[in-house]
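Student: dropping the sequence and predicted coords here.
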Amino acid sequence: MTASAAPSVTALLTGPTASGKTATALEFARLHGRIEIINADSLLFYRDADIGTAKPTSAERAEIPHHLIDIRNPGERMTAGEFRTLALECIREIEARGRRALVVGGSGFYLKGLRHGIWDAPAADPALRAELEKLDSAALTQELLAVDPESAKRIGPGDRYRLVRALEIHRLSGKTATVLRAQESPAPDRRFPLFVVDRMEDEMESRIQARTRAMLRDGLLEETAK
């Protein structure tokens, strides 16, 4: 295989909050050049929340092109399927310019969707979801055990959101979440190697404290009150 025929590879970079993902991505882009960053942090999709989400600064975004930041208003949703579609479009556009994409963020659900694909579940139904939300966790678990015991055991009684979603899927489609999840690829797509920024626990604690102090100093309370 010639170099020009080699498959495209887009690296994914993740890690815990305050581990230094943004700084690592920017340093990598500066060192290697012709890199554009695609956001995969669920909070950075939203406009108006800059300090509390630790968005890259205007100067950083002017220096290195960033994508999928400030693309939703507060209250609008972004599903994993929508993220996958938008991210793949960004990757194609970036590569068409002769550049490479680096996907950066800590939202594992979105990264998993990009690497493993998305199973074809029905869209949320507000009326049905409101009905299910009225049930307590024990009732939700009991109903799910009756129709999809594998999902019930995997989710557990403490995760109301996923209990409700699994029941919503069954009532809307007649299929179980277990069956639909089988559509995911068990092996990650080799086009998307994953790298993780990680640090020792005491260093992480110190970094989180420093970030919190900086956010408060920079106006986090005022931003939240808007």
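Tutor: Arrived safely, thanks for sending.
Student: can you give me the end-to-end span of stretch 62-76?
Tutor: 26 Å (CA to CA, to the nearest Å).
Student: residues of it that come out buried?
Tutor: Residues 64, 65, 66, 67, 68, 69, 70, 72 are the ones in stretch 62-76 that count as buried (16 or more other CB atoms under 10 Å). Where you see a C-beta, it was placed from the backbone N, CA and C, and this is true even at glycine.
Student: gap between it and the chain center?
Tutor: Mean C-alpha position of stretch 62-76 versus that of the full chain (CA atoms, centre = their mean, to the nearest Å) differs by 13 Å.
Student: can you give me the strands in the chain?
Tutor: 11-14, 35-39, 66-67, 100-104, 194-196 (DSSP state E).
Student: of those, which approaches residue 179 most closely?
Tutor: strand 194-196 (26.8 Å; CB to CB).
Student: any idea how far the nearest residue to residue 135 once chain neighbours are set aside is from residue 94?
Tutor: Spatially, and ignoring its direct neighbours in sequence, residue 135 is nearest to residue 143 (7.6 Å; CB to CB, 6 or more residues apart in numbering). Distance of residue 143 to residue 94, computed by CB to CB, to the nearest Å: 45 Å.
Student: between the two, point out the one with more neighbours.
Tutor: The neighbour count for residue 143 versus residue 94, taken as other CB atoms under 10 Å, is higher for residue 94 (21 against 18).
Student: the more buried one and residue 64, how far apart?
Tutor: Distance from residue 94 to residue 64, by CB to CB: 12 Å.
Student: touching both of the two, which residues are there?
Tutor: By CB atoms under 8 Å, 6 or more residues apart in numbering, residue 94 and residue 64 have these common neighbours: residue 36.
Student: what is the neighbour count of residue 36?
Tutor: Residues near residue 36, counting by other CB under 10 Å: 19.
Student: in this structure, which ranges drop under the pLDDT threshold?
Tutor: In the predicted model of the chain, residues 1-8 satisfy pLDDT under 70.
Student: where exactly do the helices run in it?
Tutor: 21-32, 58-63, 80-96, 108-116, 126-133, 137-147, 149-155, 160-173, 177-181, 201-218, 220-225 (DSSP state H).
Student: want to throw those helices into JSON lines with distance to residue 191?
Tutor: Converted to JSON lines, the helices of the chain look like this (distance: least, CB to CB, whole Å):
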{"stretch": "helix 21-32", "distance to residue 191": "18"}
{"stretch": "helix 58-63", "distance to residue 191": "25"}
{"stretch": "helix 80-96", "distance to residue 191": "9"}
{"stretch": "helix 108-116", "distance to residue 191": "9"}
{"stretch": "helix 126-133", "distance to residue 191": "35"}
{"stretch": "helix 137-147", "distance to residue 191": "35"}
{"stretch": "helix 149-155", "distance to residue 191": "28"}
{"stretch": "helix 160-173", "distance to residue 191": "28"}
{"stretch": "helix 177-181", "distance to residue 191": "22"}
{"stretch": "helix 201-218", "distance to residue 191": "30"}
{"stretch": "helix 220-225", "distance to residue 191": "37"}
